[in-house]
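Trainee: Let's see this in three dimensions:
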Amino acid sequence: MALTGEEVRANLTRFVARWSVRDGYEKGEAQLFLGDLFACYGQDLAEVASFEQFQDGGFIDLIWPRVCIFEMKSAGEAKRLDRHRDQALGYWRGASDPANDVPAPRYVVLCAFTRFEIWEPGLFPSAPRVVFDLEELPDRYTSLLFLAGDEPVFSARQEGVTLEAVGKVAELFRRLEARHEGDSQSRRLFVLQAVWCMFAEDLGQIPAHGFTRIVDDLIANPRRSSADDLGRLFEHLNDASPERPKHGLYREVPYVNGTLFAEPSRLDLEPEELSLLREVAASNWREVQPSIFGSLLQGIFGHDKQWQLGAHYTHESEIQKVVAPTIVDPWNERIQSISTHAEAQRAQADLLNYVVLDPGLRLG
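Mentor: A predicted model of the protein is given here:
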């Protein structure tokens, strides 16, 4: 069974913890490193790839025919990977077998244990698709999804969601509103449903960055419609049946409990609007700050509409004025005063049963 994004990310977090404290010698540890890396993606390296395949000029550290080549260097070469690119790309050029109709592998990974360069030289021969350090690997896991047999997603922007990104979401909403695409309710729902999907895929809830993959497919195929493809995604997210899609664009899309997708929005986005959506999806929504939502509401609804809908936003600093003295400070004082094991057990039990009632919360 294929691993979920969350499972892959958890595996890679443990992988980073193990390998960040090792020296990383090319000859001594490369095979163990790669075996562990493949296993993080649920792949048995021995079944699909081989080590030290001879080629004129040297031995390829690892080759998975048609899929990828890994060229490993010691950790000491992490800042000098550019010196080894010609060697790695030379192996790639020599890996094809025209006589037997075997193409060169699609991806080349140049790796020095603590640093990765991922190339797609058949399409982008002049620069790597992505470069990152070992500790970034759990957040960059989609860049190596070909190890799981999936299409990778190379995100150009991995910084947290910024006000600039939220501004693009608001701009998308204004464009939809200006050309009267759908009614006002469906436009608001579309933006909120899309934002949820961007969160979910960066958290691994939507496997293999499925939302971004659909947007990429829409951009590459202008004859397709977001009303169909994204609308269908939103429908699957609202489908409570235990049987999930097993293939295609919607493979393993989960059911989302709640009302957000009770009305799956179906809007037909124009190319410029899809490009805006893709730019926003490239941000790392795992690092979103609560204050972003205030800007998002203001940008989408506007001040008057916020009041009309009751969609009010309270800034984090205002929330802390209430939460800190009534909840955080008393608990800190109690924890600091614990002096016996029995007191610690009672405090733990009380904390587990602690309930906060928000009378201002509106549902639906």
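Trainee: Spell out which residues make up each domain of the protein.
Mentor: 5-148, 163-309, 316-352 (automatic domain parsing).
Trainee: Using TSV, lay out these together with distance to residue 154.
Mentor: For every residue, glycine as well, the C-beta is placed using N, CA and C. As requested, the domains of the chain are exported to TSV (distance: least, C-beta to C-beta, whole Å):
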stretch	distance to residue 154
domain 5-148	4
domain 163-309	9
domain 316-352	33
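Trainee: any chance of the ones you listed in CSV, plus mean pLDDT and mean neighbour count?
Mentor: Formatted as CSV, the domains of the chain follow (pLDDT from 0 to 100; neighbours: other C-beta atoms under 10 Å):
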stretch, mean pLDDT, mean neighbour count
domain 5-148, 90, 17
domain 163-309, 84, 17
domain 316-352, 85, 11
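Trainee: Phi, psi for residue 337 please.
Mentor: With angles defined as degrees, to the nearest 10, residue 337 sits at phi -90, psi 0.
Trainee: For it, which non-adjacent residue is spatially closest?
Mentor: Leaving aside its sequence neighbours, residue 337 sits nearest to residue 343 (C-beta to C-beta, 6 or more residues apart in numbering; 8.0 Å).
Trainee: And residue 18, by the same measure?
Mentor: residue 36 (7.2 Å).
Trainee: Next, the contact list for the one you found, please.
Mentor: The contact partners of residue 36, taken as C-beta atoms under 8 Å, 6 or more residues apart in numbering, are 15, 18-19.
Trainee: Report the distance from stretch 107-126 to the chain centre.
Mentor: When distances are taken as C-alpha atoms, centre = their mean, to the nearest Å, stretch 107-126 is centred 19 Å away from the chain's centroid.
Trainee: Quote the end-to-end distance of that stretch.
Mentor: Stretch 107-126 has an end-to-end distance of 14 Å (criterion: C-alpha to C-alpha, to the nearest Å).
Trainee: go on, stretch 105-114?
Mentor: One end of stretch 105-114 to the other measures 23 Å (C-alpha to C-alpha).
Trainee: before we move on, what about stretch 127-135?
Mentor: From its first residue to its last, stretch 127-135 covers 22 Å (C-alpha to C-alpha).
Trainee: Stretch 87-102 now?
Mentor: End-to-end distance of stretch 87-102 (C-alpha to C-alpha): 21 Å.
Trainee: got it, and stretch 265-285?
Mentor: Length of stretch 265-285, first residue to last, C-alpha to C-alpha: 21 Å.
Trainee: can you check stretch 254-261 too?
Mentor: Start-to-end, stretch 254-261 (C-alpha to C-alpha) is 12 Å.
Trainee: if we can go back for a sec, roughly how far apart are the residue nearest to residue 18 and residue 228?
Mentor: 41 Å (C-beta to C-beta, to the nearest Å).
Trainee: Now the phi/psi pair for residue 118, please.
Mentor: Residue torsions, per degrees, to the nearest 10, at residue 118 are phi -110, psi 120.
Trainee: got the contact list for it?
Mentor: By C-beta under 8 Å, 6+ apart, the contact set of residue 118 is 107-109, 128-131, 143-144, 152, 154.
Trainee: try residue 285
Mentor: 161, 195, 198-199, 202-203.
Trainee: ok, now residue 130?
Mentor: For residue 130, the contacting residues are 116-118, 140, 143, 154-155, by C-beta under 8 Å, 6+ apart.
Trainee: Likewise for residue 278?
Mentor: Neighbour list for residue 278: 212, 215-216, 219 [criterion: C-beta under 8 Å, 6+ apart].
Trainee: Before I go, just wanted to say thanks for your time.
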